[in-house]
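Student: okay, here's the prediction I keep looking at, along with the sequence it came from:
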Amino acid sequence: MNQITNYDALLIPSDGRPPHLVQLMTSPMIATSHPGQQVLNQSRVPHPEVYMDYIAEGPHGHRFWRYHLIEALDGMNRKFAQPYIVFYPVLSKDGMPFPVNQCVREIQGRNYRESLAWRGNIVIGKYRGEDPFSSMVNAAMSDFPLIKNYLTTHGCPG
């Protein structure tokens with residue numbers, strides 16, 4: 001069984017470079033049922049931190065990023081068949097705030113609010129089903145207009 005699986009994901013760099021596709025690496029989630037016994041879970045742990053500049057590094061398994069699900073756009077009656085998962089950094093190596101994501105700031109235009117700014121490099125994956133970590137699929141640049149629509153009116157969840 002291949003331990004590492006990659007999925008195409010969108011990267012929105014904070015420095016204003018255009019969004020592009022990257023390979024989002026995932027590894028199996030290991031659950032422990034009894035001391036000394038490891039069981040492979042169906043879920044996978046994504047590693048967006050690979051693309052997040054200046055993100056803090058912690059002990060094995062500790063993540064300094066969060067995620068937010070985009071299941072529908074405003075005004076939609078139904079959820080996306082393949083929703084999106086947005087990974088964003090929360091703690092930098094030096095404890096300082098990440099820089100405002102200039103690409104998202106441009107997208108938001110007059111809707112931009114400093115207190116809700118998306119900061120740092122943002123990685124956006126795609127999934128199907130109920131559990132985003134166990135059912136990731138490849139994203140494509142054709143997904144960007146939907147992401148852009150969402151980012152126009154939504155700030156970072158915190």
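Tutor: Thanks, I have the structure now.
Student: after the one helix or strand in the chain whose mean pLDDT sits lowest comes which helix or strand?
Tutor: Scoring the helices and strands of the chain by mean pLDDT, DSSP states H and E places strand 37-46 at the bottom, with a mean of 68. Sequence order places strand 65-70 as the next helix or strand after strand 37-46, per DSSP states H and E.
Student: this protein: strands as residue ranges?
Tutor: 5-12, 20-34, 37-46, 65-70, 84-89, 122-127, 136-137 (DSSP state E).
Student: quick check: which of those strands is nearest to G58?
Tutor: With CB to CB as the criterion, G58 lies closest to strand 65-70 of the strands of the chain, at 10.9 Å. In this view, the C-beta of every residue, glycine as well, is placed from N, C-alpha and C.
Student: low-confidence stretches in this protein?
Tutor: 1-2, 30-42, 60-61 (pLDDT under 70).
Student: not counting sequence-adjacent ones, nearest residue to the residue minimising distance to the centre of the chain?
Tutor: What sits nearest the mean C-alpha location of the chain, by CA atoms, centre = their mean, is F87, with 2.0 Å. The shortest distance from F87 to any non-neighbouring residue, by CB to CB, 6 or more residues apart in numbering, is to P48 (3.7 Å).
Student: give me the number of residues near that neighbour?
Tutor: 26 (other CB atoms under 10 Å).
Student: wait, doesn't it sit right on V22?
Tutor: No. With contact defined as CB atoms under 8 Å, P48 does not count as touching V22 (9.2 Å).
Student: noted, bye for now.
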